[in-house]
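Asker: dropping a prediction and its sequence here:
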Amino acid sequence: MRIDGARHGTMDDLSIAALRPSDPTEQPDFVTALARGLAVIRAFGSDRPRMTLADIAKHVSLPRATVRRSLITLATLGYIETDGRNFALTPKVLALANSYLSSSPLPRAAQPLLERLAETTRESCWAAILDEEDVLLVAGARTNRLLSAGLAVGSRLPAFCSALGRVLLAGSSDEKLDAFMVRLAPRSLTPRTVTEAASIRRAILSAREEGYAISDGEVETGVCSIAVPLVDQQGRTIAALNAIVPSARLRRSEMMERFLPLLRQAANDIRPILV
């Protein structure tokens, strides 16, 4: 009797699945040292530009000896510098980001359209992807307003309370959304940040139903963002586009009227380019 591999999988497939460890880090080909080195790189940020060995070890929850080996390797390769006590990233780390930006069609396709969108709206506009609990800005166009001075390509925003994040999470499967909510440890960024789990889920499901999300003052006081999904040819949400304005300048209804059609048109214009 023939087993339909497309529906049920072959016996070899089933055997491999049974042998595969539930924890991906337990796979025989998983390189633990590489994962630890990447964790060390990601430990640095705007609030942690320079750290001691002890600081890094505490942040990544690894033994000092392990972190020390990673730091020595990264310093030898030129990705980290030290004064003997404190460690900091070097500009060479940007080469890692450039590899993504130059190889992915999304930033190249989105950038000129975001520039035209920013020129039309006279507001800053960004494209972002979901990266675990954050959204990562991969392309954008800033106006001269001081509102977006702190944002740049490579900036990260919390997914749970940002319009970009809620749109991206809305495009996830129910299983992935459930897993996100289990991992989530929301924190208040402003007095208006929604941190109650049921309310966060409702906001995400609302974005799924409406096809857009608005976050007003939850990420930064006085800043309002409206975002729409960027859907690829297979119907998958692969990114999100937004526009940001001062909350005092426009009401929610005005943002929807002015920006929602333009953002949706930009998303439609980018879609055919993503091949």
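Answerer: Here it is on my side, so go on. Please read all numbers here as calculations on a predicted model, not as lab measurements.

Asker: tell me where this protein has helices.
Answerer: With helices called from DSSP state H, the chain shows them at 5-8, 11-19, 32-43, 53-60, 64-77, 94-103, 105-121, 163-170, 174-183, 197-210, 252-270.

Asker: deepest of those helices, which one?
Answerer: For the helices of the chain, average neighbour numbers computed from mean count of other CB atoms under 10 Å are highest in helix 163-170, which has a mean of 28. In this view, the C-beta of every residue, glycine as well, is placed from N, C-alpha and C.

Asker: mind listing residues that contact that helix?
Answerer: Contact with helix 163-170 is made by 126, 128-130, 134-135, 157-160, 177, 180, 203-205, 207-208, 212-215, 225-229, 237, 239-240, 242, as judged by CB atoms under 8 Å, 6 or more residues apart in numbering.

Asker: and stretch 58-65, by the same measure?
Answerer: With contacts defined as CB under 8 Å, 6+ apart, stretch 58-65 is touched by Arg36, Ala39, Val40, Ala43, Arg48, Met51, Leu53, Ala54, Ala57, Val67.

Asker: quote the end-to-end distance of it.
Answerer: 12 Å (CA to CA, to the nearest Å).

Asker: what's the separation between the residue nearest to the spatial centre of the chain and Ile129?
Answerer: Residue closest to the average C-alpha location in the chain (CA atoms, centre = their mean): Val135, at 2.3 Å. Distance from Val135 to Ile129, counting by CB to CB, to the nearest Å: 7 Å.

Asker: joint contacts of those two?
Answerer: Joint contacts of Val135 and Ile129 (CB under 8 Å, 6+ apart) are Leu168, Ala240.

Asker: rewinding a little: hmm, which of the contacts of helix 163-170 are the buried ones?
Answerer: Buried positions within those, assessed by neighbour count (16 or more other CB atoms under 10 Å), are 126, 128-130, 134-135, 157-160, 177, 180, 203-204, 207-208, 212-215, 225-229, 237, 239-240, 242.

Asker: narrow those residues to those in strands?
Answerer: Mapping these onto strands (DSSP state E) picks out 126, 128-130, 134-135, 157-158, 213-215, 225-229, 237, 239-240, 242.

Asker: could the contacts of stretch 58-65 go into CSV alongside distance to Arg116?
Answerer: Shown next, in CSV, are the contacts of stretch 58-65 (distance: CB to CB, whole Å):
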residue, distance to Arg116
Arg36, 43
Ala39, 39
Val40, 39
Ala43, 37
Arg48, 36
Met51, 41
Leu53, 47
Ala54, 49
Ala57, 47
Val67, 45
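
Asker: going by distance to Arg122, which of the residues you listed wins?
Answerer: Arg48 (34.7 Å; CB to CB).

Asker: residues in contact with the closest one?
Answerer: Asp55, His59.

Asker: that one and Asp55: what is the separation?
Answerer: 7 Å.

Asker: so where's the stretch 1-150 of the chain shaky on pLDDT?
Answerer: Applying pLDDT under 70 to the stretch 1-150 of the chain flags the ranges 1-26, 101-103, 144-149.

Asker: tell me which two in the contacts of stretch 58-65 are the farthest apart.
Answerer: It's Arg36 and Arg48 that sit farthest apart of those, by CB to CB, at 17.3 Å.

Asker: next, count neighbours for Ala152.
Answerer: 11 (other CB atoms under 10 Å).
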